[in-house]
Each structure stands twice: as structure tokens, then as C-alpha cells.
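> Need coordinates for the below:
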Amino acid sequence: MDPSDDEVVSTLPIHYSNTLAPYVQIHQFPLLTRPLQVPPSAALSGKRIRARLKPGVKRQEIHVPVDTRPEVWNADKAKELGSARIEDDKEKNQDAGSSKATQEEPRLSEIRLQSEQLPHTGTYMLGIVRDGAYA
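Predicted coordinates:
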């Protein structure tokens, strides 16, 4: 199909506004290969995606539960990565004094997506359309 043959389905007026600017943030995860959602195995056990904000260092972390389905889960690797995570948290003083983490066998239970502030090199715009009209 030739792109010039595409018909216009709908036209919406565009209004520029900065009213949502302090309340809207755009996050990009270029290395994420699946939608940012709770994996089915984690959802069955009631786990949710969590986030935390560190305004002092202008950083955000999003904690996504891991997918523990047998076809994609490696328990040995999870133990190895869990031990490394505990050591890394201790080095960064992020160990929240959790004594149960040191008593139990360490295992990776979530993936941390961590932000990094980049200089602005372009202009981002966000459009919200609800029920066929801009919101």
C-alpha cells in the first residue's frame, strides 16, 4: 500500500499548553524488550510495580517483579544476582536495615529500572486524546 493512499480518518485541533508541565514526566526505557507491566506469575501472587523518587540526586527507580515462570526463570542465576544486589546495596548504603534479607537465602525478586538525567537535545510533546477529543 502506498502511503499517499492513506485516507484521513480524523482531525483534532492542537492546543499548546504548559499547564501539566510540573505534573507530567516522560520516561523512556530503550533497553526494555517487553511492556512495563507485572509479569503473569508475579501478578498471581499479588506483586505490583513500585517506584521511588530520590529528589536530592534527581533519580527515580522503578521496581518491577521478576517473571518466575519455569520457561524463563533460572533459580541458580537468581541466587547469584540476588547476592550481588545485596553487596551492591551495602556499598551504596541502600540496605534498608533489612535483617530478614541477610537471614534468608538471597535471590533476585525484582528488576530495578533506574533513571539517569540527560541533557535536553530536543522538544518533547504529549497529547492526550479521550473519546475522540483532546483532553
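> give me the number of residues near residue 81?
Residue 81: 17 surrounding residues under other Cβ atoms under 10 Å. For glycine as for every other residue, the C-beta is placed from the backbone atoms N, C-alpha and C.
> Quick check, it in contact with residue 109.
No - contact criterion Cβ atoms under 8 Å: residue 81 and residue 109 do not qualify, at 10.0 Å.
> how about low-confidence regions in this structure?
Applying pLDDT under 70 to the chain flags the ranges 1-3, 31, 94-105, 134-135.
> Longest helix of the protein, counting residues only.
Counting residues, the longest helix found in the chain (DSSP state H) is helix 75-91.
> how about that one: buried residues?
78, 81-82, 85-86 (16 or more other Cβ atoms under 10 Å).
> which SS class is the residue nearest to residue 69 when sequence neighbours are not counted?
Distances taken as Cβ to Cβ, 6 or more residues apart in numbering place residue 41 nearest to residue 69, at 5.0 Å, with adjacent residues excluded. Using DSSP: H, G, I helix; E, B strand; the rest coil, the structure places residue 41 in helix.
> Contacts only, for residue 41.
For residue 41, the contact set (Cβ atoms under 8 Å, 6 or more residues apart in numbering) comprises 67-69, 73.
> For residue 5, see how far away residue 110 is.
Shown here: residue 110 relative to residue 5, a distance of 47 Å by Cβ to Cβ, to the nearest Å.
> ok, now residue 111?
Taking Cβ to Cβ, one finds residue 111 at 43 Å from residue 5.
> and if you look at residue 123?
31 Å.
> Report the beta-bridge partner residues of the most centrally placed residue in the chain.
Here the mean C-alpha position of the chain is nearest to the C-alpha of residue 62 (Cα atoms, centre = their mean), at a distance of 4.8 Å. With DSSP bridges as the criterion, residue 62 is bridged to residue 51, residue 113.
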